[in-house]
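A.B. asks: Build me a model:
(one chain, ligands or ions: 3)
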Amino acid sequence: MYQHIKVPEGGQKITVNGDFSLNVPDQPIIPFIMGDGTGIDITPVMIKVIDAAVAKAYGGSKKIHWMEVYAGERSTAVYGPDVWLPPETLDAVREYVVSIKGPLTTPVGGGIRSLNVALRQELDLYVCLRPIQYFKGVPSPVREPEKTNMVIFRENSEDIYAGIEFEGESEKAKRLIQILQDEFGVKKIRFPSTSGIGIKPVSREGTERLVRKAIQYAIVNNKPSVTLVHKGNIMKFTEGAFRDWGYALAQREFGAELVDGGPWVSFKNPRTGTDIIVKDVIADAFLQQILLRPAEYSVIATLNLNGDYVSDALAAQVGGIGIAPGANMSDSIAMFEATHGTAPKYAGKDYVNPGSEILSAEMMLRHMGWVEAADLVISSMEKAILSKKVTYDFARLMEGATQVSCSGFGQVMIDHM
Ligand SMILES: NC(=O)C1=CN([C@@H]2O[C@H](COP(=O)(O)OP(=O)(O)OC[C@H]3O[C@@H](n4cnc5c(N)ncnc54)[C@H](OP(=O)(O)O)[C@@H]3O)[C@@H](O)[C@H]2O)C=CC1
Ligand SMILES: O=C(O)CCC(=O)C(=O)O
Ligand SMILES: [Mg+2]
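C.D. replies: Numbers count the residues shown, from 1 in each chain. Ligands and ions are numbered 1, 2, ... in the order given. Next comes the predicted model:
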């Protein structure tokens, strides 16, 4: 049925019900993308650790059947020189519902557009969910890292990531600038003859579906607040509109009411009766407040570019992007992936921290309802860190640590299960 994807025998598909709940068989087939760069180091370690956790948690009654699907450099090797994202990869990710990927390279300036962004857009994985959690013993640049406890909902389908860009001095850029000047009265393009032009679409629908998910998450997980992070003072009809549409949604769909005349709004959590405040903050102020007053923030809903910046910044506060997991989700499909990239200087050296991808897989197990295996991943991660047998990123900041390799850290985790 597929050209190059080999469907494992003995496994079954995860399926989705009408209410978007999952039917997860005991032997599910999970597609994975190995990833470029350090993907070849971390993905096999992730698989080994997750297989060990599942085997230990369920005594052999459950098992994941991993199915490699291709994107990035491995895809060009398998499908041909210019095939970076074969259609059958998208088909398989859709068909098998839950998947995981390693990082994929995107060149700066010219060259292919991001495959990571393409996967999110093609599959309409509109939520990028990135929890920021502190593990005891992890070295952090801040004094009280345990106060940083947030969950980022990054809008994943719009904003400047739509890739509508025209190179400076190209015919298209010149035409667009001409139209802006002639038809829209634009006078403020400082150097029109050499300006590249980028377009930033942000819609009400896109904002509402993201903010709705963030508020629902706050309700289910009994969180005290949802903060809309934006740069709406400068970009009024994109980032400012994100804020306004977010507040309007909270009022319309969740019955939130103005706090002290607004703009903050608040409503009672229907499950627990506690207050949930929906507030907003401008992105630059947010970036200093997460260092100075992190405990004031809980669930974060933000646009695509802000979410990208904020993810790495918050990850650094709890130990870095070596331990920063994530998921890309639509209502039905979920593709898990680390926050970090391919770290090319370390590729193939069995060196980097596999923690982000392992914790992304932990989110995947929880999403599948395999809570016992997910708990085992978390507890073995905690014990591994407390044993101080850690990869270079933690070892260089920890006193008395023993530095282990990428696969070595996976083994330390397994030894602690
Ligand atoms: N979702 C995805 O697939 C993503 C892909 N990318 C792509 O990755 C490529 C490289 O991007 P770059 O900007 O260098 O960002 P990276 O996230 O790949 O690396 C930046 C730095 O983060 C640290 N780091 C990254 N991964 C790990 C890890 N597993 N363990 C410990 N530390 C880690 C390293 O820090 P140090 O030098 O201090 O050791 C590294 O030099 C680009 O092509 C980019 O587009 C980027 C982000 C996400
Ligand atoms: O697509 C890329 O290469 C970068 C993506 C990224 O930085 C992210 O998803 O956080
Ligand atoms: Mg990023």
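A.B. asks: For the stretch 251-400 of the chain, which residues are neighbours of ligand 2?
C.D. replies: 308, 311, 339, 341 (C-beta under 6 Å from any ligand atom). C-beta: built from backbone N, CA, C; applies to glycine.
A.B. asks: Without its sequence neighbours, what residue ends up closest to Lys383?
C.D. replies: In this structure, Lys383 finds its nearest non-sequential neighbour in His416, 3.9 Å apart by C-beta to C-beta, 6 or more residues apart in numbering.
A.B. asks: Report the contact partners of the one you found.
C.D. replies: His416 is in contact with 379-380, 383-384, 387, counting by C-beta atoms under 8 Å, 6 or more residues apart in numbering.
A.B. asks: Tell me which two in the residues you listed are the farthest apart.
C.D. replies: Largest separation among the contacts of His416 by C-beta to C-beta: Ser379 and Ser387, giving 12.5 Å.
A.B. asks: sorry, back to before: confidence score at the residue nearest to Lys383?
C.D. replies: You'll see His416 listed with a pLDDT of 98.
A.B. asks: Let the chain start at 54 from now.
C.D. replies: I'll keep to 54 as the first residue from here, and by that count the last item is His469.
A.B. asks: Now the element after the longest strand along the chain, going C-ward?
C.D. replies: In the chain, taking DSSP state E as the definition, the longest strand is strand 328-335. Once the chain leaves strand 328-335, the next helix or strand it forms, by DSSP states H and E, is helix 336-345.
A.B. asks: If you count contacts, what does that following helix end up packed against?
C.D. replies: strand 278-283, helix 357-370 (3 or more C-beta pairs under 8 Å, 6 or more residues apart in numbering; DSSP states H and E).
A.B. asks: CA atoms only for that helix, dumped as PDB, please.
C.D. replies: These are the backbone C-alpha positions of helix 336-345, laid out as PDB (Å, rounded to 0.1, in the frame of the first residue of the first chain):
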ATOM      1  CA  ALA A 336       5.400  39.900  24.900                       C
ATOM      2  CA  ASP A 337       8.500  41.900  25.800                       C
ATOM      3  CA  ALA A 338       7.300  42.600  29.300                       C
ATOM      4  CA  PHE A 339       6.400  38.900  29.600                       C
ATOM      5  CA  LEU A 340      10.000  37.900  28.800                       C
ATOM      6  CA  GLN A 341      11.300  39.800  31.800                       C
ATOM      7  CA  GLN A 342       8.400  38.800  34.100                       C
ATOM      8  CA  ILE A 343       9.000  35.100  33.500                       C
ATOM      9  CA  LEU A 344      12.400  35.600  35.100                       C
ATOM     10  CA  LEU A 345      11.300  37.900  37.900                       C
END
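A.B. asks: got the buried residues for it?
C.D. replies: The neighbour-count check on helix 336-345 (16 or more other C-beta atoms under 10 Å) flags 336, 339-340, 343 as buried.
A.B. asks: neighbouring contacts of it?
C.D. replies: So helix 336-345 is in contact with 195, 201, 203, 280, 282-284, 292, 334, 349-350, 355, 359, 362-363, 366-367, 370, going by C-beta under 8 Å, 6+ apart.
A.B. asks: what pLDDT does Gly164 get?
C.D. replies: In the prediction, the pLDDT value recorded for Gly164 is 85.
A.B. asks: next one: Asn359
C.D. replies: 98.
A.B. asks: Isn't it up against Leu281?
C.D. replies: No: shown here, Asn359 and Leu281 do not form a contact pair, counting by C-beta atoms under 8 Å, at 10.1 Å.
A.B. asks: So between these two, which is more surrounded?
C.D. replies: Higher neighbour count among Asn359 and Leu281: Leu281, with 27 against 23, using other C-beta atoms under 10 Å.
A.B. asks: on that earlier part again, could you export the longest strand of the chain as PDB, CA atoms only?
C.D. replies: Taking Å, rounded to 0.1, in the frame of the first residue of the first chain, the C-alpha atoms of strand 328-335 are listed here in PDB:
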ATOM      1  CA  ASP A 328     -11.500  31.200  39.800                       C
ATOM      2  CA  ILE A 329      -9.800  31.100  36.400                       C
ATOM      3  CA  ILE A 330      -8.400  34.500  35.400                       C
ATOM      4  CA  VAL A 331      -7.900  35.300  31.700                       C
ATOM      5  CA  LYS A 332      -5.300  38.100  31.400                       C
ATOM      6  CA  ASP A 333      -2.900  39.400  28.900                       C
ATOM      7  CA  VAL A 334       0.600  40.700  28.800                       C
ATOM      8  CA  ILE A 335       2.800  42.300  26.100                       C
END
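A.B. asks: If anything else comes up later, I'll come back, but that's it for now.
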